[in-house]
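Next come a sequence and a model predicted from it.
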Amino acid sequence: MARIVSALLIGLIFGSGIALSGMANPAKVLNFFDFAGTWDPSLAFVMGGALIVTAIGYAFVLRRGAPIFDRLFHLPTRRDLDVPLVAGAAVFGIGWGITGFCPGGAIPALGLGHGDAWLFVGSMIGGIAVARLTRHAMAVRTAADTA
């Protein structure tokens, strides 16, 4: 129960920060990408602030032997670039540039009444499902080829 309450509180803090900073507004995000027109640098300040908070948080938390709600830290170990990583980053960037939404901004936008956010989140869930089905089909095909 403590994990669920903790996740809820963290999500509320994150969503509030996104909403208060204006990053749930796709027009504000799209203006960040419009260098030749109505460029708005506020997204860079939000990202910079997030990086500072994250760096301090990691430095503080990783001094502990283990997380509060788990036996060990689950940190990424791979450092290589592969096709799924590059393709996923490209799809993320293209979608963000077209819609002005990223997952972190779209979820709070649902609660703020942005109708386009529903379309984005639905499409995002569909994309996740297609990616998982594709990964599964490729794994099955690879297993059949090696058998």
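Cool, got the structure. Numbering: from 1, shown residues only.

tell me which element the residue lying closest to residue 99 once chain neighbours are set aside is part of?
Spatial nearest neighbour of residue 99, excluding adjacent residues (Cβ to Cβ, 6 or more residues apart in numbering): residue 120 at 5.5 Å. The C-beta positions use only the backbone N, C-alpha and C, and glycine is treated the same way. Using DSSP states H and E, residue 120 sits within helix 115-146.

quick one: buried residues of that helix?
117, 120, 121, 124 (16 or more other Cβ atoms under 10 Å).

And stretch 104-117, by the same measure?
Under the neighbour-count criterion of 16+ other Cβ under 10 Å, stretch 104-117 has 105, 106, 107, 108, 109, 114, 117 buried.

Now render the residues you listed as JSON lines, adding secondary structure and pLDDT.
Conversion of the buried residues of stretch 104-117 to JSON lines gives the following (DSSP: H, G, I helix; E, B strand; the rest coil; pLDDT from 0 to 100):
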{"residue": "105", "secondary structure": "helix", "pLDDT": "90"}
{"residue": "106", "secondary structure": "helix", "pLDDT": "92"}
{"residue": "107", "secondary structure": "helix", "pLDDT": "91"}
{"residue": "108", "secondary structure": "helix", "pLDDT": "90"}
{"residue": "109", "secondary structure": "helix", "pLDDT": "91"}
{"residue": "114", "secondary structure": "coil", "pLDDT": "85"}
{"residue": "117", "secondary structure": "helix", "pLDDT": "92"}
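
Closest to residue 8 out of those?
Distances from residue 8 to the buried residues of stretch 104-117, taken as Cβ to Cβ, are shortest for residue 107 (13.1 Å).

roughly how far apart are the closest one and residue 127?
Using Cβ to Cβ, to the nearest Å, we find residue 107 at a distance of 15 Å from residue 127.

before we move on, back to that, quick check: the residue nearest to residue 99 touching residue 102?
No. Using Cβ atoms under 8 Å, residue 120 is not in contact with residue 102; the gap is 9.1 Å.

what touches both of these two?
Both residue 120 and residue 102 are in contact with residue 95, where contact means Cβ atoms under 8 Å, 6 or more residues apart in numbering.

Now do the helix holding residue 120: which elements does it pack against?
If you count contacts as 3 or more Cβ pairs under 8 Å, 6 or more residues apart in numbering; DSSP states H and E, helix 115-146 packs onto helix 83-99, helix 103-111.
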